[in-house]
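Engineer: Provide a 3D model corresponding to the input given below.
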Amino acid sequence: MTSSVEIPREPQGVHGDPDDAAPRAASLFVVPEGLVREQARPHPQARRYLRGYLRALRLLDLGTVTVAVVLAQLFRFGTGPRDLYSALGAVSYTTVSVALILGWMTALHLQNVYDGRLVGHGVQEYRQVFQASSWLFAIVAITAFAFKMDFARGYVILAFPLGTFLLLLGRWQARRWLVRQRRQGALSDRVLLVGNRDHVASLVVALGRAPDAGYQVVGACVDDAREGRVAGVSILGPESDVLVKALEHRADVVAVSSSAGLGQAGLRRLGWALESTDIDLVVAPGIMDVAGPRVLTRPVQGLPLLHVEAPRFGGPQLVLKNVADRIAAVLALVLLSPVMLGVALAIRRESDGPVLFRQERVGRGGRSFAMLKFRSMVADAETMLPALRVVDEGAGPLFKMRNDPRVTRVGAFIRRYSLDELPQLVNVVRGEMSLVGPRPPLPREVATYEADVRRRLLVKPGLTGLWQISGRSNLSWDESVRLDLYYVENWTPVLDLMILWRTVQVVLRPEEYGAY
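Structural biologist: Here you go, the predicted model:
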């Protein structure tokens with residue numbers, strides 16, 4: 001017995017006219033029904049390979065919520081009995097605590113925090129946990145007001161913040177384990193790509209940049225099959241074979257690029273065919289490097305329109321960022337002053353010359369400033385640079401050398417752990433730099449910039465940034481530019497916090513992030 005689905009194909013792409021697609025070209029897909037039944041999985045949100053992980057997350061969340069609520073009750077009331085009085089009568093706080101635990105777990109489930117498609121990458125997972133806790137707190141507050149419940153303030157004030165913090169901390173710890181597994185190729189979605197060669201190659205590169213997201217490309221279906229591989233991925237057949245190839249290779253996701261020739265009708269019917277297999281259908285738009293907050297999806301008569309907001313380089317958020325940067329930099333200077341004093345003494349003791357190294361860099365709007373660093377090289381390092389350019393290991397206009405003879409012994413240590421950059425906190429206080437931003441370029445680099453690269457100068461350069469947490473010296477020039485432009489156009493406070501947190505990990509584990 002067979003199951004068939006007809007998918008019209010058309011040369012215009014996904015957004016072609018379906019009315020005249022069928023007369024031009026059509027392919028009939030015949031798929032053995034047994035193959036469909038073999039692939040079918042009852043819970044698409046809980047991937048087969050993630051069921052154990054998601055089950056462990058539920059137990060972890062239950063234990064976390066229980067600890068928070070029990071600690072709140074013990075802290076406020078001790079071990080003795082205590083009742084909550086309301087318009088409905090009295091009830092013991094032990095019963096209230098049990099109800100709160102069950103309500104918290106229900107809120108987490110209603111917010112889909114155990115959706116396997118969202119774990120391991122991005123902030124959505126954390127946002128849903130926070131929203132579940134916030135909604136529960138709001139419901140408790142409304143219920144207490146409506147029924148005149150006299151909740152003990154210490155109990156509520158401790159339970160919710162502590163529970164939310166522990167939930168987020170538990171998620172972060174669980175994610176660290178999951179990310180390690182995914183970077184080794186395990187616990188990831190098997191993805192089949194569909195589109196023309198250029199778009200498929202771009203998708204392969206984009207997904208390869210984010211192994212934490214858990215997308216493992218197993219092959220591609222392209223009509224232009226001159227060669228057996230594209231961007232290192234095997235071509236499994238033409239686009240018309242996407243359904244049978246997805247089943248044969250046990251794909252979890254079919255990702256269709258905007259260049260695919262399936263047409264509107266074909267894409268819709270492909271989605272219908274995949275329903276029986278529980279394989280997810282993902283449509284990848286042509287626009288790249290645009291973060292979620294700038295994208296708004298608005299369906300109009302069944303047509304999902306993507307509204308892409310223009311990047312903003314001013315406004316209240318930027319003012320808040322500048323103020324927060326300076327306050328944080330002052331606090332950091334105070335807290336790190338003993339470390340900075342120790343570094344300064346070590347530099348002075350090892351070699352002659354100034355402790356601080358001043359170098360002209362280009363900031364926001366192309367304005368130059370003197371960037372401060374602890375001197376990590378011999379005093380006449382700049383005069384030695386022309387002779388070393390023949391062994392330049394850097395990317396693009398950047399000069400890098402893994403075993404640079406100009407670097408002192410103390411310099412090698414402070415560069416490895418980024419201690420040489422601590423004086424840049426003074427630049428942040430002055431308003432010349434930000435804590436997070438693009439890498440501060442040299443004037444000679446800026447002189448070679450093309451128009452698109454000059455967009456890096458629309459914001460202040462940063463003491464750290466996406467380039468710092470994504471490979472540092474191991475990055476190519478094009479990749480460094482891409483990361484800087486992504487930050488410039490998609491900056492949010494949450495992104496800054498994420499980068500600062502990841503920077504701490506980079507400093508503690510420099511060998512994993514290309515520091516030299």
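Engineer: Below-threshold pLDDT in the stretch 51-200 of the chain: ranges please.
Structural biologist: Counting by pLDDT under 70, the stretch 51-200 of the chain contains low-confidence ranges at 85-88.
Engineer: can you give me the strands in it?
Structural biologist: For the stretch 51-200 of the chain, strands defined by DSSP state E, counting those that start in this stretch occupy the ranges 83-86, 89-92, 189-194.
Engineer: for the stretch 51-200 of the chain, what spans make up the helices?
Structural biologist: For the stretch 51-200 of the chain, applying DSSP state H, counting those that start in this stretch gives helices covering 51-77, 93-110, 124-146, 153-183, 197-209.
Engineer: one step back: highest mean neighbour count out of the strands of the stretch 51-200 of the chain?
Structural biologist: Of all the strands of the stretch 51-200 of the chain, strand 189-194 carries the top mean neighbour count, a mean of 26, counting by mean count of other Cβ atoms under 10 Å. All C-beta atoms are positioned from the backbone trio N, CA, C, and that covers glycine.
Engineer: Please list the outside residues in contact with it.
Structural biologist: Residues from elsewhere that reach strand 189-194, judged by Cβ atoms under 8 Å, 6 or more residues apart in numbering: 47, 200, 203-204, 207, 214-222, 233, 236, 239, 242, 245-246, 249-257, 260, 262, 280.
Engineer: Please tabulate the strands of the stretch 51-200 of the chain in a markdown table, including the columns distance to Pro311.
Structural biologist: What follows is the strands of the stretch 51-200 of the chain, written out as a markdown table (distance: least, Cβ to Cβ, whole Å):
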| stretch | distance to Pro311 |
| --- | --- |
| strand 83-86 | 50 |
| strand 89-92 | 53 |
| strand 189-194 | 28 |
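Engineer: how far away is the residue positioned nearest the centre of the chain from Asp212?
Structural biologist: Most central in the chain under Cα atoms, centre = their mean is Gly122, positioned 3.9 Å from the mean C-alpha point. Look at Gly122 and Asp212: by Cβ to Cβ, to the nearest Å, they are 9 Å apart.
Engineer: what does Thr94 give?
Structural biologist: Distance from Thr94 to Asp212, by Cβ to Cβ: 41 Å.
Engineer: Over to Pro238?
Structural biologist: Taking Cβ to Cβ, one finds Pro238 at 32 Å from Asp212.
Engineer: Check Thr66 too.
Structural biologist: In terms of Cβ to Cβ, Thr66 sits 29 Å off from Asp212.
Engineer: and what of Glu350?
Structural biologist: From Glu350 to Asp212 the distance is 40 Å (Cβ to Cβ).
Engineer: Looking at the two, which is more packed in?
Structural biologist: More crowded of Glu350 and Asp212, by other Cβ atoms under 10 Å: Asp212, with 16 against 13.
Engineer: where do the strands sit along the stretch 251-400 of the chain?
Structural biologist: Along the stretch 251-400 of the chain, counting by DSSP E, counting those that start in this stretch, strands occupy 253-257, 280-284, 295-300, 303-308, 356-362, 368-374.
Engineer: Wait, Ala213 touches Gly120, no?
Structural biologist: Yes: look at Ala213 against Gly120 with Cβ atoms under 8 Å: they come within range, at 6.7 Å.
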